[in-house]
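K.L.:
Sequence and predicted structure below; questions after.
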Amino acid sequence: MISRILARASQGEAISPADAYALLTADYPVQALQQAADHLRRTLVGDPVSYVVNRNINFTNICEQHCGFCAFRRDAGQPGSYWLTPEQIIAKVQAAVQQGATEICMQGGLNPQARRHGTTLGYYQHLVALIKTTAPQVHLHAFSPQEIQFISRQDGVSIAYVLRALQDAGLDSMPGTAAEILVDEVRRVICPEKIDTETWLGIVREAHRMGIPTTSTMLCGHIETPAQQVAHLERLRALQQETGGFTEFILLPFVGAQAPAPLRRRVGRDQPDLQATLKLTAVARLFLGRWVQHHQPSWVKLGLDGAVQALQWGCDDIGGTLMEEHITTMAGAKGGTAKTVAELQAAITRIGRPYWQRTTLYQPCQQPANLIG
Ligand code: SF4
């Protein structure tokens, strides 16, 4: 049975949730799964591995919520809390541009004091304007569906209104974060204050309809079951079949080292289980099939060596240079907070694959000069 599923999936045929569940739970040589995912990746997107030169900016860690996995958030006034000034943000954008960044990735905590700027939406529009006036050519990839709902709730305006206003201000695309596991039973335990599954899907659907692409993500390796992992993938695939707005899938394994004690104790592991992450990487590639062309591992969470291994389990993108990272690093991840272009290129070259620099939306940056094999 497994070999038949793998044969179909590796040819790009749609496999069912029951098939994906079997791939995750049955007892069979895992090498067959790796080969099938690797084959499908090669068929769909070839051997070149992409990377993006980007800078991550987390503009505040002050957050009204208390997600069970989050070591990043602080209350206002608590030691370690911060809220970047406009000058600090501008300096980070300028430094990023000097280092060749084509993308600014920006997310932050849900800070109720953002209202001080007239409206919460006004504050976020101001953030977008800061980036776009400093570097008009840079692609702004910002604000999770949870942040969009926060603005909408704070100001009493619709999701569509918020999305349109931010798009008009210069927002180019959004991270598909805050998805965690799109199963409410899990969300009620790990992020009970966050938007529920239907709300997340509704905001992303609305963004896609407006022409704002997003990534898709999954926070795995905590309390979720294989059936819930499959349910999550099923929801992403169904939405992608409807809108086509996902640019990629990013698997984000839970890092527990500095995470709040209750979830850390329940999971009983400080760092991701690499083998389990690789297996899920391959199943995600096969299940999302021809609908999601690009798959990215997280070098912040897995380390660069782990991420390079994931390139052999279905991934075709190594992610971004980031230049700084706080959310996962504060959770105790060991992958580091920045990678140079040379480090990413060398890592890709180690497994004999060519590399290329992409834009956020997977267009070539300087083809063919930097495509080498
Ligand atoms: S994950 Fe995001 S929403 Fe949840 S507590 Fe942390 S910063 Fe706040």
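P.N.:
Cool, the structure landed. Residues are numbered from 1 along each chain as shown.
K.L.:
Next, the contact list for residue 327, please.
P.N.:
The contact partners of residue 327, by Cβ atoms under 8 Å, 6 or more residues apart in numbering, come to 58, 70, 72, 107. Where you see a C-beta, it was placed from the backbone N, CA and C, and this is true even at glycine.
K.L.:
same thing but at 6 Å, please
P.N.:
Neighbour list for residue 327: residue 72 [criterion: Cβ atoms under 6 Å, 6 or more residues apart in numbering].
K.L.:
quick one: pLDDT of it?
P.N.:
Residue 327 is assigned a predicted lDDT (pLDDT) of 74.
K.L.:
That one belongs to a strand, doesn't it?
P.N.:
No. Under DSSP: H, G, I helix; E, B strand; the rest coil, residue 327 sits outside any strand and is assigned coil.
K.L.:
quick thing: my sequence starts at 35, can you match it?
P.N.:
Done: numbering now begins at 35, and the last item shifts to residue 361.
K.L.:
so how far is residue 71 from it?
P.N.:
For residue 361, the distance to residue 71 equals 28 Å [Cβ to Cβ, to the nearest Å].
K.L.:
Return the distance of stretch 324-334 from the chain's centre.
P.N.:
9 Å (Cα atoms, centre = their mean, to the nearest Å).
K.L.:
in it, what counts as buried?
P.N.:
325, 326, 327, 328, 329, 330, 331, 332, 333, 334 (16 or more other Cβ atoms under 10 Å).
K.L.:
JSON lines for the residues you listed, including distance to residue 259, secondary structure and pLDDT?
P.N.:
Converted to JSON lines, the buried residues of stretch 324-334 look like this (distance: Cβ to Cβ, whole Å; DSSP: H, G, I helix; E, B strand; the rest coil; pLDDT from 0 to 100):
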{"residue": "325", "distance to residue 259": "24", "secondary structure": "helix", "pLDDT": "98"}
{"residue": "326", "distance to residue 259": "22", "secondary structure": "coil", "pLDDT": "98"}
{"residue": "327", "distance to residue 259": "28", "secondary structure": "coil", "pLDDT": "97"}
{"residue": "328", "distance to residue 259": "27", "secondary structure": "coil", "pLDDT": "98"}
{"residue": "329", "distance to residue 259": "22", "secondary structure": "strand", "pLDDT": "98"}
{"residue": "330", "distance to residue 259": "24", "secondary structure": "strand", "pLDDT": "98"}
{"residue": "331", "distance to residue 259": "22", "secondary structure": "coil", "pLDDT": "97"}
{"residue": "332", "distance to residue 259": "21", "secondary structure": "coil", "pLDDT": "95"}
{"residue": "333", "distance to residue 259": "27", "secondary structure": "helix", "pLDDT": "94"}
{"residue": "334", "distance to residue 259": "25", "secondary structure": "helix", "pLDDT": "93"}
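K.L.:
Check those against residue 287 and report the nearest one.
P.N.:
Checking the buried residues of stretch 324-334 against residue 287 by Cβ to Cβ gives residue 332 as the nearest, at 7.1 Å.
K.L.:
Excluding chain neighbours, give the residue nearest to the closest one in space.
P.N.:
Nearest non-adjacent residue to residue 332, counting by Cβ to Cβ, 6 or more residues apart in numbering: residue 286, 5.4 Å away.
K.L.:
So which elements touch the helix or strand the one you found falls within?
P.N.:
Residue 286 is located in strand 280-287, with elements delineated by DSSP states H and E. Using 3 or more Cβ pairs under 6 Å, 6 or more residues apart in numbering; DSSP states H and E as the contact test, the elements touching strand 280-287 are strand 248-254, helix 308-322, strand 329-330.
K.L.:
Nearest approach to residue 42 belongs to which of these?
P.N.:
helix 308-322 (9.1 Å).
K.L.:
outside of that closest one, which residues touch it?
P.N.:
43, 54, 57-58, 67-68, 71, 74, 254, 267, 271, 283, 285, 287, 329, 340, 344, 347-348.
K.L.:
got any ranges where this protein has weak pLDDT?
P.N.:
Applying pLDDT under 70 to the chain picks out residues 400-407.
K.L.:
Quick check: neighbours of the strand holding residue 286 in the sheet, parallel or antiparallel?
P.N.:
strand 248-254 (parallel), strand 329-330 (parallel) (DSSP bridges).
K.L.:
how many other residues sit next to residue 262?
P.N.:
16 (other Cβ atoms under 10 Å).
K.L.:
In space, what's closest to it - neighbours in sequence excluded?
P.N.:
Counting by Cβ to Cβ, 6+ apart, the residue nearest residue 262 is residue 217, at 4.6 Å.
K.L.:
what's around that neighbour, how many residues?
P.N.:
Neighbour number of residue 217 under other Cβ under 10 Å is 19.
K.L.:
Contact residues of the stretch 135-284 of the chain facing the ligand?
P.N.:
Residues of the stretch 135-284 of the chain lying near the ligand by Cβ under 6 Å from any ligand atom: 143, 144, 180.
K.L.:
Fine by me, we can end here.
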